[in-house]
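Enquirer: just to be clear, the model below is a prediction. Sequence and coordinates:
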Amino acid sequence: MNRNGRKWWRTNKHKLEPARQNSPSPYAHLTLSKETKENLQTLQDIYSKCSDVIFRPFYIGKTIKAHVVFISGLCTVQDVDQYVLTPLMQANENEFPDMEQMAEQVLAVSRIKNLATIADCIEEIGSGNPVLLWEGEERALSLGLAKWEKRNIEEPSAEVGIRGPREGFTETLDVNTSQIRRRIKDPALKMERMKIGGYTQTEVIVAYMEGIVDQTLVEEAKARLNRIQIDGILESGYIEEMIEDNPASPFPQLKDTERPDTACSALLEGRVVILVDGTPFALIAPVTFFALFQAAEDYYQRYIISTAIRWLRYLFLGISLLLPSLYVAIITFHQEMVPTSLLISMAASREAVPFPGLVEALLMEITFEALREAGVRLPKQIGAAVSIVGALVIGQAAVDAGLVSAPMVIVVAITGIANFMVPRYSVGTAVRLLRFPIMFLAGTLGLLGVMLGLIAIVVHLCTLRSFGVPYLSGISPLKPKEWKDILYRSPWWAMKTRPHFTGEFNQYRQAPDQKPGPERSEDP
Amino acid sequence: MKRILLTLLMMSLLFLGGCWDRTEINDLAIITGAAIDAADDNQIELSVQVFIPRALSAGRGSTSSGGNLTLVKSAKGASIADAIALLQTKIPRKIFWGHCEVFIFGEDMAKRGIAEEMDFLVRHPQPRERAYMFVSKGKAAKTLELRPELERYSSEVIREMSDMHIGMLVTIIQLKEMLRGKSNAAALPLIDVMPPPNEAKGLETAPYIMGTAVFRKGKMVGEINEKATRGVMWIRGEVERYTVTAKLKNVQGTVSLNPIHSDIKFIPSIRNGQWQMTIKAKTEGDVVQNGTNLDMSNPEMIKLVEKAFQQDIEDRIELALKQVQHEMKADIFDFATDFYREYPQEWKAAKNNWDEIFPNVKVITDIHAYVRRPGLVTLPGGIPEEEVREK
């Protein structure tokens, strides 16, 4: 407590300035006037010191003064020259009484929008569309010529598969929506557009399948998105953190994907997909713990193999979470648990190690994490060098120097491999992190501690929800019908229903009895 | 803020109370075998074989005859627990019993009685209940000092040998059951040290299982040799791997068989005060060597072999019974439990006199032996076809 009797942790509170509001825009009240000069002046004031905004005055025909305003780089100059300036300048202004007719007959631009306010103009200019201002008109015309340099569609680098489509989302929203629309042609696929971010005005699309999705889910998603008031959205991670159910959890409560096919399958299961402009990562909600272990490829290769691989993933999830802890617990507390000959080898290799088991494990695990993080961040050319140094340091040199024992190196290596078995990077990182507290518990309480840690994690998972859906849905609450995509990947002809928690209104995916096989006669 | 403080406080609990029973492997003296011998003044001498980790880590594979992987330390005391306390003062690391899989009683100790020391083994949490128990001819400690050539240390040798079921295999828990059972008798494998190939090699030899030590009321009363042991194992239904070589009547040469399956049943009965036990056995075997001129594809010939097979087993059982039942009067077959189950009333009346009743129990053997497979060849492998006897 300090002198004025207030608790020390309460003294620092300031009143925070309220964030800039999403809407209404500060220019919303300004309507366009008949005087182009006035309009132009307003826009020029707004875009003062913006060297990339171009104001181009010209005459329609010979007499009507007009201006085209656009941002260089967000549309091609050739397009503006060819489809806007040339036809308008060559037109006979007397043939057309007003702007509307002129636009209909002269402008060879398919996307045209009438604008009534300055705010509208700013929005259109900002999104790259040239705006046409016209002497004597109270409105402006937005010309849909926005076009900018963008990355090509490439293979998604974070979700690689051997079989399956090779294209991934890009940073451009329209490209992403087109990839989804190309896969789902039915008009039931709805894409609702909204803008989030006070300055960035980032376009966000909520996509869902009408008739499959639970409408309350869509409303909830939109409500949560509308609640966001932030200056900018640069990646879908911003949105993920703003709309998830439990912010104090290491586990992701929305699934992110780079693959249009994964997004489409989520849509068909009755989930909501949130696409964000400027990032190739779309968000899928709701999601369960087990859905995070489903890779796109599981559904493209034979179901028997997919099932086996899924089990391998669960096994390695356990290994990546527990192996170092089990090793620490057993070598420090439960030496009687290992077979004699193994214990003897372990004792022999640990003989020269100066640290207790826990310290040894932490040393190695932290080094490994550091190497991995360094490997991710470093430029590609240096990355290879790091991996060589890492392999040498962690592997041979550390053992030879007597810093760590050889079994510990094996444990760390297996744990590292195990972590990459989890198809979602976001779950993998959560498990990576949770390994450390469990290691501490193992080092202090032995197997009892490991069990305590596990119980705590399971309890936490049970309390988690993703958009109201229990995180462990299928196992807890127990729904044997859902096991078709949790415990095993059933063949497509047996995958009859959509997941219970999302597709309740349109339960059946397919016609019954489609198991392939020879024709069976009707009567026995 | 309060929550963070609370969490921190709770976290600190982990570290405050946590590591009290933590022991690093580096601080353990891993005991691989223990020997309990009788000493003067009614004391016992406990010897332990301790694994030396450095010997293995230094050599890395080249640990043949040069380095010694284990060391043996002994201490005397009134009981095992007492001796351990003394032993601990001689070993810089914490004595760890969790991997001690072999306990050997010296012959003198066995004769004096093992009941007292058994209590430690079953009461203390560290020794494994599945550790193997042995009695050694002479002093037990000498077995631990041997340096076998094939295995890493001598207790591993006896453990591996027991696993092959060539002799009896008794674990701590089984011995406890025997000692506390109705019959009040027990049997433990008896080991001895093979004489070294030459004087120079001294300790470079290995122990082997030479027979069985028979206990009555916790004290060793006698020993039986390897052959009688087989009979005992037959009766106890523990036979797994061995070869029966039978001599056929009126035929030159012998036939060897490997029994692959046997089924033993005890049928107790009391008739007119005469306690009687029928041992029913059914066994099957494969021919592994045929030194006679019999054609093994001929059922008639097989019958002859079966008869000899049966006779051999009967002889073995007879031998075991003669020594164990009539001479040592120790019910290591646990007939007592069978009588108790079948005739609880009679057992109740007679249980105090079981020592007198047991030697007089009439044992009837009813053995059925079958030869199921003649092996890869049907005719004798080493003689011309004309000499094969077909009838």
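Expert: Cool, got the structure.

Enquirer: and for A:Phe487, the neighbour number?
Expert: Let me fix one detail, which is that residue A:487 is Leu and not Phe. When neighbours are counted by other Cβ atoms under 10 Å in any protein chain shown, A:Leu487 registers 16. No exception for glycine: its C-beta is placed from N, CA and C like everyone else's.

Enquirer: tell me the secondary structure for B:Gly138?
Expert: coil (DSSP: H, G, I helix; E, B strand; the rest coil).

Enquirer: report the separation between the closest residue in space to it that isn't next to it in sequence and B:Lys142.
Expert: Distances taken as Cβ to Cβ, 6 or more residues apart in numbering or on different chains put B:Glu107 closest to B:Gly138, at 5.9 Å, once the chain neighbours are dropped. Per Cβ to Cβ, to the nearest Å, B:Glu107 is found 11 Å from B:Lys142.

Enquirer: one step back: list the contacts of the residue nearest to B:Gly138.
Expert: B:Val135, B:Ser136, B:Lys137, B:Gly138, B:Lys139, B:Ala140, B:Ala213, B:Met220 (Cβ atoms under 8 Å, 6 or more residues apart in numbering or on different chains).

Enquirer: for stretch A:478-487, buried residues please.
Expert: For stretch A:478-487, the neighbour count (16 or more other Cβ atoms under 10 Å in any protein chain shown) marks A:Glu482, A:Lys484, A:Asp485, A:Ile486, A:Leu487 as buried.

Enquirer: I meant to write stretch A:241-256 there.
Expert: For stretch A:241-256, by 16+ other Cβ under 10 Å, it's A:Met242, A:Ile243, A:Glu244, A:Asp245, A:Phe251, A:Pro252, A:Gln253, A:Leu254, A:Lys255, A:Asp256.

Enquirer: which residue, other than its chain neighbours, is closest to the residue in the stretch 251-400 of chain A positioned nearest to chain B?
Expert: Going by Cβ to the nearest Cβ, chain B is nearest to A:Glu336 of the stretch 251-400 of chain A, at 3.0 Å. Leaving aside its sequence neighbours, A:Glu336 sits nearest to B:Gly98 (Cβ to Cβ, 6+ apart; 3.0 Å).

Enquirer: got it, and A:Gly468?
Expert: Nearest to A:Gly468 is A:Pro286, by Cβ to Cβ, 6+ apart, at 6.9 Å.

Enquirer: look at the one you found and report its pLDDT.
Expert: Confidence at A:Pro286, expressed as pLDDT, is 91.

Enquirer: likewise for A:Tyr314?
Expert: At A:Tyr314, pLDDT is 94.

Enquirer: now the residue lying closest to it once chain neighbours are set aside: phi and psi?
Expert: Nearest residue to A:Tyr314 in three dimensions, chain neighbours excluded: A:Phe293, at 7.0 Å (Cβ to Cβ, 6+ apart). A:Phe293 adopts backbone torsions of phi -100, psi 10, taken as degrees, to the nearest 10.

Enquirer: and the residue of the stretch 251-400 of chain A closest to chain B, that's in a helix?
Expert: Yes: under three-state DSSP, A:Glu336 sits within a helix.

Enquirer: contacting residues around it?
Expert: B:Phe96, B:Gly98, B:His99, B:Gln126, B:Arg128.

Enquirer: okay, now the unreliable bits of chain A?
Expert: Within chain A, the ranges that satisfy pLDDT under 70 run A:1-29, A:502-504, A:521-524.

Enquirer: for chain A, what lies in contact range of chain B?
Expert: A:9, A:331-333, A:335-336, A:340, A:343-353, A:356-357, A:440-441, A:443-446, A:449 (Cβ under 8 Å from any Cβ of the partner chain).

Enquirer: quick one: buried ones out of the residues you listed?
Expert: A:331-333, A:335-336, A:340, A:343-353, A:356-357, A:440-441, A:443-446, A:449.

Enquirer: could you tell me how many residues sit around B:Tyr242?
Expert: Using other Cβ under 10 Å, B:Tyr242 has 15 other residues around it.

Enquirer: phi first, then psi, for it.
Expert: According to degrees, to the nearest 10, B:Tyr242 has phi -170, psi 180.

Enquirer: for it, what are its contacts?
Expert: B:Ile166, B:Arg230, B:Asn258, B:Pro259.

Enquirer: that one and chain A, how far apart?
Expert: Note on B:Tyr242: its distance to chain A, by Cβ to the nearest Cβ, to the nearest Å, is 27 Å.

Enquirer: confidence score at that residue?
Expert: pLDDT at B:Tyr242 comes out at 76.

Enquirer: what's the pLDDT at B:Glu107?
Expert: pLDDT recorded at B:Glu107 is 93.

Enquirer: picking up where we left off before, the residues of chain A next to chain B in helices, which ones?
Expert: Judged by DSSP state H, those include A:331-332, A:340, A:343-350, A:357, A:440-441, A:443-445, A:449 as members of helices.

Enquirer: if we can go back for a sec, taking the buried residues of stretch A:241-256 one by one, which sit in strands?
Expert: A:Lys255, A:Asp256 (DSSP state E).

Enquirer: right, and A:Ala329 touches A:Thr444 too?
Expert: No: with contact defined as Cβ atoms under 8 Å, A:Ala329 does not reach A:Thr444; the gap is 9.6 Å.

Enquirer: quick check: neighbours shared by these two?
Expert: When Cβ under 8 Å, 6+ apart defines a contact, no residue borders A:Ala329 and A:Thr444 alike.

Enquirer: so the nearest residue to B:Pro195 once chain neighbours are set aside: helix, strand or coil?
Expert: Distance criterion Cβ to Cβ, 6+ apart; nearest residue to B:Pro195, sequence neighbours excluded, is B:Thr205 at 7.0 Å. The assignment at B:Thr205 comes out as coil when based on three-state DSSP.

Enquirer: please parse the chain into its domains.
Expert: Since no chain was named, I'll use chain A. A:36-143, A:150-289+A:494-513, A:322-463 (automatic domain parsing).

Enquirer: my bad, the chain I had in mind was chain B
Expert: According to automatic domain parsing, the domains of chain B span B:25-225, B:243-391.
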